[in-house]
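> Sequence plus the predicted model coming up.
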Number of protein chains: 2
Amino acid sequence: MEKQTITIYDVAREANVSMATVSRVVNGNPNVKPATRKKVLDVIDELDYRPNAVARGLASKKTTTVGVIIPDVTNLYFASLARGIDDIATMYKYNIILANSDQNNHKEIQVLNTLLSKQVDGILYMGNNLTPELRAEIVRSKTPIVLAGTIDSDHVVASVNIDYKVATQEAVQKLIENGHKKIAFVTPSLKNTFATDLRLDGYKEALAVAKIDYNEKFVYEIPLTYQAGEALADKLLHAGITAAVVTDDEAAVGLLNGLYDHGVNVPKDFEVISSHNSKLTKMTRPTLTTIAPPLYDIGAVAMRLLTKIMNKEEIVDAEITLPYKIEYRQTTK
Amino acid sequence: MEKQTITIYDVAREANVSMATVSRVVNGNPNVKPATRKKVLDVIDELDYRPNAVARGLASKKTTTVGVIIPDVTNLYFASLARGIDDIATMYKYNIILANSDQNNHKEIQVLNTLLSKQVDGILYMGNNLTPELRAEIVRSKTPIVLAGTIDSDHVVASVNIDYKVATQEAVQKLIENGHKKIAFVTPSLKNTFATDLRLDGYKEALAVAKIDYNEKFVYEIPLTYQAGEALADKLLHAGITAAVVTDDEAAVGLLNGLYDHGVNVPKDFEVISSHNSKLTKMTRPTLTTIAPPLYDIGAVAMRLLTKIMNKEEIVDAEITLPYKIEYRQTTK
DNA sequence: CTGTTAGCGCATTCAA
DNA sequence: TTGAATGCGCTAACAG
């Protein structure tokens, strides 16, 4: 009545070989005579033997599972990265332990510790920022880690990103070309997110190039939620702003709808550029113009990079910058 | 240079106790004198000892991790369930191994096998249908399983759902009350999805009550994607249809936008009711009226149920039906 | 209340 | 090419 437990011993006995031999064929060790290999394989099939990954993990000190720290699976940006991560992980025979962190520092540390206790072979971290405490913990644990869509301002940890500064600059420049002077930059708190700094730099740079004075009143720090975006429309309108670059799709959609509710004609009287190109941006009317990072690829490349590090392969560049595009759709002229 | 490995032996030695005692305090066994407990705790803290979950899993035959089979994390419906699952799992000290299945039968079986080899304590399955082969594999493995947002037509596996039939019926009834005669029912393939049958029953029932003849031409089987929904608008319009119940939010948004692109006034000339109440439904203009299953709760309750089964607690009802609502928004009058 | 002793299922030397 | 022996780090009886 209990769970069946066919072990390596059982197949060794049935096949009249030692467990070492069974272990060899299971692990694809070439030093096995074809005949005995076949015999063992037959018995494995007959007994429906399935190697116990836990025992294997204890003996080999490799679990073939990686921990994935994600702010929230329900956020399409991160979910898209996660999809790329999982696909490549599967390709390389790894499994994913997924843990939501809510960007909460305390929870992140906690999650990291349980991942480490589970002996994951590596960690993929997603979030807006890698806090020093977290990085310290990770470095101390000597567990390979790669950041996906997340910047490490100190450049000590491997990561995969796009050039946020240049992308933002290009977006703002486009708005300037379209004749806008008062362009809002909508971002989460500047206090603790690194990529935000880069993006802000891009924003400033574009203004500088066009010789437009930077006005910090046009930088709006809001929670990156649909509701916050929606509520923001009113403020932007009152401030005489006519265009905005928003660093999150949900917030951008919110803003767009907020403008719609105010009877503003987009893009005629107001232009919006978002930043993630998640599915959402194609589901609005008008469709959202957006910076388009290769979401799936960021996750995929990050996972691939992690496999290399876990494998102790030579890494030429641990800070990968992927190309982005800007998808010009209907919220810009 | 290698990864530090502080074991239970190390702390036992430092604390001048046996490893059994250390094990006891780590596991909260009350049979330890407070004084020695404190001593051990101090050493643990000092050495920064972290129990090896793999060794623990091998010795105890419990891994405190559950496998989650999900069609696609990138689908907000399933991602929302997953969020509920993860939160409750965390609460009960379980971790989640997430595996995307793409609804692909072959991949599901494969994924199931790797989950079983990792000795997960239980499995949470999400998908449109549980195929007999998959169920057979799971039952054979004797691993506890719960279906979240998925029906088992044979009622042998535990599950958490809403009453899809009644919900659909109510939605269709509303459209009938609003004067519609030609109401489309948009669904994925009827061939292999059980909940679809239930929903279709609800659709038929509503028509029957209103003495409207059922016309199978009004049942549209399409892939549940945004694009398919968008493309569907044209067909519905040509068929003289004036309202639709769509079983997926992305498809519903697609349809809505397709109608918009055809210049159709929703809800004046066409009404739409969707089925999941994911974030998407609030992001469209007009906002989508939708059946509202308690997404997060379905996941949460499913995970809670799984913990009970894994714990061999008495289960009064293994088929849980959660209440739903219908959110009347702007795509209906 | 605490220590001793066996394994858990497998990978991995080392011999043969 | 194969087998025997050892141990990965911990839990779980069983004594004491």
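Sure, I can see it.
> For the closest residue to A:L207 other than its chain neighbours, which three-state class applies?
Nearest residue to A:L207 in three dimensions, chain neighbours excluded: A:Y214, at 5.3 Å (C-beta to C-beta, 6 or more residues apart in numbering or on different chains). In this view, the C-beta of every residue, glycine as well, is placed from N, C-alpha and C. Classification of A:Y214 using DSSP: H, G, I helix; E, B strand; the rest coil returns coil.
> Can I get the helix or strand encompassing A:R140 as CSV, trimmed to CA atoms?
For A:R140, the element it lies in under DSSP states H and E is helix A:132-141. What follows is helix A:132-141, C-alpha atoms only, in CSV (Å, rounded to 0.1, in the frame of the first residue of the first chain):
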residue,chain,number,x,y,z
PRO,A,132,23.8,44.5,-0.8
GLU,A,133,22.6,42.2,1.9
LEU,A,134,21.2,39.7,-0.5
ARG,A,135,24.3,39.8,-2.6
ALA,A,136,26.5,39.3,0.4
GLU,A,137,24.5,36.2,1.3
ILE,A,138,24.7,34.8,-2.1
VAL,A,139,28.4,35.4,-2.6
ARG,A,140,29.1,33.9,0.8
SER,A,141,27.2,30.7,-0.2
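> tell me what the helix or strand just after it is packed against?
Reading on from helix A:132-141 to the C-terminus, the next helix or strand found by DSSP H and E is strand A:145-148. Applying 3 or more C-beta pairs under 8 Å, 6 or more residues apart in numbering or on different chains; DSSP states H and E, one finds that strand A:145-148 contacts strand A:122-125, strand A:158-162, helix A:295-310.
> Quick one: mean pLDDT over the shortest one.
Translated: strand A:122-125. Strand A:122-125 carries an average pLDDT of 97.
> That strand pairs with which strands?
According to DSSP bridges, strand A:122-125 forms sheet pairs with strand A:65-70 (parallel), strand A:145-148 (parallel).
> so what does the next helix or strand after the first one touch, helix or strand wise?
Proceeding C-terminally, strand A:65-70 gives way to helix A:76-91 as the next helix or strand, assigned by DSSP H and E. Counting contacts by 3+ C-beta pairs under 8 Å, 6+ apart, the secondary-structure elements packed against helix A:76-91 are strand A:65-70, strand A:95-100, helix A:249-261, helix A:295-310, strand B:95-100.
> With mean pLDDT as extra columns, can I get those in CSV?
Below are these laid out as CSV (pLDDT from 0 to 100):
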stretch, mean pLDDT
strand A:65-70, 98
strand A:95-100, 97
helix A:249-261, 96
helix A:295-310, 97
strand B:95-100, 98
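> rewinding a little: would you turn the strands paired with strand A:122-125 into TSV with distance to A:F218?
Listed next are the strands paired with strand A:122-125 as TSV, based on distance: least, C-beta to C-beta, whole Å:
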stretch	distance to A:F218
strand A:65-70	31
strand A:145-148	30
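> out of these, nearest to DNA strand C?
Ranking the strands paired with strand A:122-125 by proximity to DNA strand C (C-beta to the nearest atom of the strand) places strand A:65-70 first, at 14.7 Å.
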